[in-house]
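**Q** quick one: sequence plus predicted model below, questions after.
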Amino acid sequence: MRVGIAGAGAFGTALAIALGRKGPVTLWSRSADQAARMAAERRNEARLPGADLPETVTPTANFADLANADVLLLAMPMQQMRAALAEHHAQLGNRPLVACCKGIELATGFGPTGVIAEAVPGAIAAILTGPSFAGEIARGLPTALTLACADPDHVQALQRALSTETLRLYRTTDTAGAELGGALKNVMAIACGAVIGAGLGNSARAALMTRGYAEMLRIAAARGARPETLAGLSGFGDLTLSCTSEMSRNYQLGLAIGRGETFDATVTVEGAATARAIAAAPAYRGIDLPITHAVASLVDGRETLPSIMAQLLARSLKEE
């Protein structure tokens, strides 16, 4: 199966390297300069330093070069996906489009597959998500991810095509659960980073992870997702990784907030947008989501960390 990847950021490049060890990959960059440098240097030093591109990977800045791909991976930020799909709609065709991002669209509350289905009605919408860091995938370190597609036949074909010797994919038809796990764990990672950044301790982080997971399950139930999906790689697995590693951008944002430091505004942090989207969505009103609402207030600067912690600790005692 011929693979195309739209998006030459760190994760898109890492996937190109991993899949390039298996067969030909076309890697599209919006920047002609970046594509030319990758082709000449066989590296993407700006986004994934030190990782060599296999000769099977063809960088390009011409989206039309992706036309021959049997499956197209969309490795772009969640909030930019709809615009990118609209821009290249005529060239996407009726083929599998696999989102490789995590988040909830601010304007609609849709996850990645919902955006794909609405923007490209003829496409086969899927999502690749789970606990992973781009640098480790590029280095060939063992990584397991969730691949979700509503069509059971297509998800099996994609699983076979996109799995490698070191990248192991588990399949599910529960796209809602896979999307929500990947999106909501970022919200909890910001909260955990803030707790550690403020010096509140590992016990507090463990409590936030646990109660945050309970919120994830409540949101998933409201969306009709299966709880066992959230217990898998795309939920619990990704939550564990993102809430405990400084390699996570969402955790880094939380650390900066907890330490009172300025965070680089050019870095994509999907958890901030997801917290805002969930907090504002009418579909989730009436659901007990104290951590999600707290993170939304925190990233928008409406409340301070000490006041939020005081509110959370003052909540009524209850059964677990």
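**A** That came through, no problem.

**Q** my guess is residue 171 is in a helix, correct?
**A** No. Under the criterion used here (DSSP: H, G, I helix; E, B strand; the rest coil), residue 171 is strand, not part of a helix.

**Q** quick one: residue 125 is in a strand?
**A** Yes. Membership of residue 125 in a strand is supported by three-state DSSP.

**Q** local confidence estimate at it?
**A** The model reports residue 125 with a pLDDT of 98.

**Q** and it, how far from residue 83?
**A** Distance of residue 125 to residue 83, given as CB to CB, to the nearest Å: 17 Å. (C-beta placed from N, C-alpha, C; glycine too.)

**Q** neighbour count winner among those two?
**A** residue 125 (26 against 11; other CB atoms under 10 Å).

**Q** who's in contact with that one?
**A** For residue 125, the contacting residues are 97, 99, 112, 113, 114, 116, 117, 149, 150, 175, by CB atoms under 8 Å, 6 or more residues apart in numbering.

**Q** nearest to residue 45, of the residues you listed?
**A** residue 99 (26.1 Å; CB to CB).

**Q** surely residue 46 and residue 31 touch.
**A** No. Residue 46 is beyond contact range of residue 31, at 9.3 Å (criterion: CB atoms under 8 Å).

**Q** list the residues that contact the residue nearest to residue 267 when sequence neighbours are not counted.
**A** By the measure of CB to CB, 6 or more residues apart in numbering, the closest residue to residue 267 outside its immediate chain neighbours is residue 249, 5.7 Å from it. Contacts for residue 249 (CB under 8 Å, 6+ apart) come out as 267, 268, 269.

**Q** only whichever of the contacts of residue 125 are buried, select them in PyMOL.
**A** Burial among the contacts of residue 125 is assessed by 16 or more other CB atoms under 10 Å; the matching PyMOL selection reads:
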select buried, resi 97+99+112+113+114+116+117+149+150+175
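
**Q** taking the contacts of residue 125 one by one, which sit in strands?
**A** With DSSP state E as the criterion, strands contain 97, 99, 149 from among the contacts of residue 125.

**Q** for the residues you listed, which one is nearest residue 55?
**A** So of the ones in strands among the contacts of residue 125, ranked by how close each gets to residue 55 (CB to CB), first place is residue 97, at 26.3 Å.

**Q** correct me, but the closest one touches residue 76?
**A** No. With contact defined as CB under 8 Å, residue 97 and residue 76 do not form a contacting pair (11.4 Å).

**Q** so what's the nearest residue in space to residue 89 that is not next to it in sequence up against?
**A** Spatial nearest neighbour of residue 89, excluding adjacent residues (CB to CB, 6+ apart): residue 120 at 6.4 Å. By CB under 8 Å, 6+ apart, the contact list for residue 120 reads 85, 89, 92, 97.

**Q** just the buried subset of these, please.
**A** Buried members of these, counted by 16+ other CB under 10 Å: 85, 92, 97.

**Q** how about those in TSV, adding distance to residue 263 and pLDDT?
**A** Shown next, in TSV, are the buried ones among the contacts of residue 120 (distance: CB to CB, whole Å; pLDDT from 0 to 100):
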residue	distance to residue 263	pLDDT
85	29	97
92	34	92
97	31	98
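
**Q** what about residue 103, distance to residue 63?
**A** 23 Å.

**Q** more crowded one of these two?
**A** Each of residue 103 and residue 63 has its neighbours counted (other CB under 10 Å); residue 103 has more, 28 against 17.

**Q** name the nearest residue to the more buried one, sequence neighbours excluded.
**A** Take residue 103 and drop its neighbours on the chain: the residue closest to it by CB to CB, 6+ apart is residue 78, 3.3 Å away.

**Q** isn't that neighbour right next to residue 113, touching?
**A** No. Taking contacts as CB under 8 Å, residue 78 lies outside contact range of residue 113: 11.4 Å.

**Q** the stretch 101-250 of the chain: helices as residue ranges?
**A** Taking DSSP state H, counting those that start in this stretch as the test, the helices found in the stretch 101-250 of the chain are 112-119, 134-138, 152-162, 175-197, 202-222, 227-230, 238-242, 249-259.

**Q** pLDDT of the fourth one, averaged?
**A** In other words, helix 175-197. 98.
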